[in-house]
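Kindly generate the corresponding structure for this input.
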Amino acid sequence: MAYESFYEGGYSALDSEYGRKNKDDFFYGSGGIRTPAGRFSITTDSRTANQIAEVSNKLNMGIKNIEVSTLTPEVFESIPKQHLKEIDRISKLTGAEMTVHGLLVEASGISQQGGFSEVQRESTEKQMLLNVEKAAEISPGGVITFHATVGVPEAEETVLVKDEQGRLVPKKRSVMFIDPRTGRMRAEKDITERYFPTEGKKFTGEPQKFDPETEIQRVNEEGWRGALRELNFSVVRGNEQISKEGEGILDNDAIKKIERGEMSLDKFQGPERKVAEREYYGHRQGEQFLRSGYREMRELFDLAYKKAKETAEKKGGDKHDLQELQGFMKDVEKNFDKIDENNDKYDPNTFADIVRKGTDVLGKVHSPDFFVPLNDFVLDKSSTTFGDVAWQAYNKLHDKAPVISIENPPAGGGLSKAEDMRKLIEQSRDKFVENAKKSGYSESEARKASEKMIGATWDVGHINMLRKYGYTDKELIAETKKIAPFVKHVHLSDNFGLDHTELPMGMGNVPLKEHLEVLKKAGFEGKQVIEAFNWWQHFKTPPFGETLEAMGSPLYSMKMSPYWNQIRSVYGNYFSGYGPILPEQHFSLYGGGFSALPQELGGQVPGKQSRFSGTPTE
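Take a look at the predicted model:
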């Protein structure tokens, strides 16, 4: 075995297409992609606030499109404002185009710990708007990408399994719900076979199908019964204490006088004093239990009434629950003065009766939406954030407002599939239109602006991770077909469908050619951003050359041969980000060009400090 040929083009050369079944898949035959180098973009390092240096380094590689990464708030807010304008000037000077990767923040307002807060959602909206305004200084009218979700799990975990005919069919393995009042999330998993039938169904002896709608109904019924148990406990304890009144020394009038300070327990002596204290403090404790129960009853009444009203307003909807609740409210209205502890007519016995009646009525109606599907909740809250941010940016910056492009997160995260992305974009556009119409825009004007301002960034590496759930190339391409009409921006990375690795294209099993063909047919003409952070991390070299080779990109702008997959080992590292075009010794010995200039002026001579900082010329 000989190893002397461990060089580019040799037997043991690093082949950037080792992950492909057919190394010619990308660029031969009809529909070969052969993407020109000028269509690619590359990201800056998001870990540093010195984005000017990052942009300059990428431009020195000969790359014409750069995505400025502002992923973390602490780094993003450390970038001086002057740097933003300078990046814009550099791009105009060099003819390069800039886009921005926005903050990795959760637009729905759900925290990393799993709780929801409307205050957090509004705070995130402000962060994102600031990010958009700064992006407008880097790239007026450009594109800024935000992830659809950050840290929120997939609400419905689905895997593909073979049916009896050998076809791949979806099977839901888990579904998540959230309590909008508390932000508490709950997961229901298909981990055991359930034979006990759900309400209204017959026992068959066969396992019940795991159905999200059935699960949420069961979860809501359990939650409702649990809440009613807590309410009933407060009512029973309160009534036990209140009912003791009149059996001993103190009656209702005496208790009121003691509470108003018109009478003192000191009036009683000896054994009577102990009885009076027990009755008075027991009565007070009973009222506290009832007050707690009253608050719980009001909250539960609001939930039940909302659900009953929605049911009654549907065509042919049942009005029974609504009538029951409305009847109870008539009793409450008649006795408002007697249940108000600040009113002279306040009567604890009437108050106890009202709470008891309310508990009985709530026990007769159907369970309200205690929990809602996490997917629906995240779609609603996130679309509000994206719609508001896009509208405020458009209203303030007009033509300079960047496009808000929403990216699919890695598969396994919330809203990572194409159908959820479509819904998020459509609902965000609807929220944009609502805001615009309030400001005097017509429906057609607002709709046109929303379609311009809000779209999708499709990450082919992220969607490829569906492979771990049984997806094949066919299902992955189907995902791209669903989202294609909304795509304004593309992120390129390769992996093997299991982990969130980011390799240059051609090193994994992402069916890139098929993805790009679908997008091209849908009219996509945007930038293709190379995200290969794992390559940068381990090999410390740009992933541009590997990507050009894997994509079969033409060497020259005429879009004809030679192509990078044919000549990279022959022509050397020209225009692929691998250092000087010609050996440094050539310039040193024979002169010519600008090689003797310092690096910041385009040459190759390094300096200890910038010549613009006052350091004498070396």
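
remind me, longest helix of the protein?
With secondary structure taken from DSSP state H, the chain has its longest helix at helix 271-313.

helices or strands up against that one?
Using 3 or more Cβ pairs under 8 Å, 6 or more residues apart in numbering; DSSP states H and E, the elements in contact with helix 271-313 are helix 212-242, helix 252-260, helix 320-334, helix 348-362. Where C-beta positions appear, they are placed from N, C-alpha and C, glycine not excepted.

before we move on, which element is residue 180 in?
In the assignment (DSSP states H and E), residue 180 maps to no helix and no strand.

For it, give me phi and psi.
Backbone torsions of residue 180, given as degrees, to the nearest 10, read phi -60, psi -30.

give me the number of residues near the closest residue to residue 468 other than its chain neighbours?
Among residues not flanking residue 468 along the chain, residue 498 sits closest, at 5.2 Å (Cβ to Cβ, 6 or more residues apart in numbering). For residue 498, the neighbour count with other Cβ atoms under 10 Å is 11.

what do you get for residue 240?
Neighbours around residue 240, by other Cβ under 10 Å: 13.

repeat for residue 197
Residue 197 has 12 neighbouring residues, counting by other Cβ under 10 Å.

Quick one: work out the angle between the longest helix of the chain and helix 320-334.
Per axes from the mean of the first three to the mean of the last three Cα atoms, to 10 degrees, the angle that helix 271-313 makes with helix 320-334 is 140 degrees.

State the distance from residue 344 to residue 331.
According to Cβ to Cβ, to the nearest Å, residue 344 and residue 331 sit 21 Å apart.

Give me the more crowded residue out of those two.
residue 331 (13 against 8).

wait, the more buried one sits on residue 354?
Yes - contact criterion Cβ atoms under 8 Å: residue 331 and residue 354 qualify, at 6.9 Å.

can you list contacts of stretch 48-56?
With Cβ atoms under 8 Å, 6 or more residues apart in numbering as the test, stretch 48-56 has contacts from 44-45, 66, 68-70, 75-76, 78-80, 83, 86-87, 90-91, 98, 600.

Now do the longest helix of the chain, average pLDDT.
The average pLDDT within helix 271-313 is 81.

Stretch 137-152 too?
Averaged across stretch 137-152, pLDDT comes to 95.

Same question for stretch 402-413.
Mean per-residue pLDDT for stretch 402-413: 96.

Where is the longest strand in this protein?
As assigned by DSSP state E, the longest strand anywhere in the chain is strand 168-178.

buried sites along that one?
Neighbour counts over strand 168-178 (16 or more other Cβ atoms under 10 Å) mark 171-172, 174-178 as buried.

same question, stretch 47-55
49, 51-52, 54-55.

How about stretch 320-334?
Here stretch 320-334 shows 321-322, 324-325, 328 as buried, counting by 16+ other Cβ under 10 Å.

Present those residues as TSV; the columns should include distance to residue 61.
What follows is these, written out as TSV (distance: Cβ to Cβ, whole Å):
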residue	distance to residue 61
321	67
322	68
324	72
325	68
328	73
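
Report the residue spans of the stretch 1-150 of the chain with pLDDT below the cut-off.
For the stretch 1-150 of the chain, applying pLDDT under 70 flags the ranges 1-33.

which residues touch residue 531?
Shown in contact with residue 531 (Cβ under 8 Å, 6+ apart): 43, 459, 461, 491-493, 502.

What score does it have for pLDDT?
Residue 531 is given a pLDDT of 93.

give me every residue that touches the closest residue in space to it that isn't next to it in sequence.
Nearest non-adjacent residue to residue 531, counting by Cβ to Cβ, 6+ apart: residue 493, 4.6 Å away. Neighbour list for residue 493: 459-461, 501-503, 505, 510, 530-532 [criterion: Cβ under 8 Å, 6+ apart].

What is the nearest of those to residue 372?
Closest approach between the contacts of residue 493 and residue 372, by Cβ to Cβ: residue 459, at 28.1 Å.

so what strands line up beside the helix or strand just after the longest strand of the chain?
Counting by DSSP H and E, the next helix or strand C-terminal to strand 168-178 is strand 185-189. Note on strand 185-189: by DSSP bridges, its sheet partners are strand 168-178 (antiparallel).

tilt between the partner strand and helix 212-242?
Using the same axes, to 10 degrees: strand 168-178 against helix 212-242 is 20 degrees.

all strands for the stretch 351-500 of the chain, in order.
Assigned by DSSP state E, counting those that start in this stretch, the strands in the stretch 351-500 of the chain fall at 372-373, 403-407, 454-459, 487-492.

closest to residue 147 out of those strands?
Closest to residue 147 of the strands of the stretch 351-500 of the chain, according to Cβ to Cβ: strand 403-407, at 5.1 Å.

From the contact counts, what lies against the closest one?
Secondary elements touching strand 403-407 (3+ Cβ pairs under 8 Å, 6+ apart): strand 143-147, helix 374-397, helix 418-438, helix 443-453, strand 454-459, strand 487-492.

now those as JSON lines including distance to residue 265 and mean neighbour count?
Output for these, formatted as JSON lines (distance: least, Cβ to Cβ, whole Å; neighbours: other Cβ atoms under 10 Å):
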{"stretch": "strand 143-147", "distance to residue 265": "64", "mean neighbour count": "26"}
{"stretch": "helix 374-397", "distance to residue 265": "52", "mean neighbour count": "22"}
{"stretch": "helix 418-438", "distance to residue 265": "61", "mean neighbour count": "20"}
{"stretch": "helix 443-453", "distance to residue 265": "69", "mean neighbour count": "17"}
{"stretch": "strand 454-459", "distance to residue 265": "68", "mean neighbour count": "26"}
{"stretch": "strand 487-492", "distance to residue 265": "75", "mean neighbour count": "24"}
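
which residue packs closest to residue 159, ignoring adjacent ones?
Residue 159's closest residue in space is residue 469 (Cβ to Cβ, 6+ apart), at 4.5 Å.

whoops, residue 399 was the one
Nearest non-adjacent residue to residue 399, counting by Cβ to Cβ, 6+ apart: residue 141, 5.8 Å away.

Tell me how many other residues crowd the one you found.
Residue 141 is flanked by 12 other residues according to other Cβ under 10 Å.

all numbers from here: first residue = 18
Will do, 18 is the new start, and the previous item becomes residue 158.
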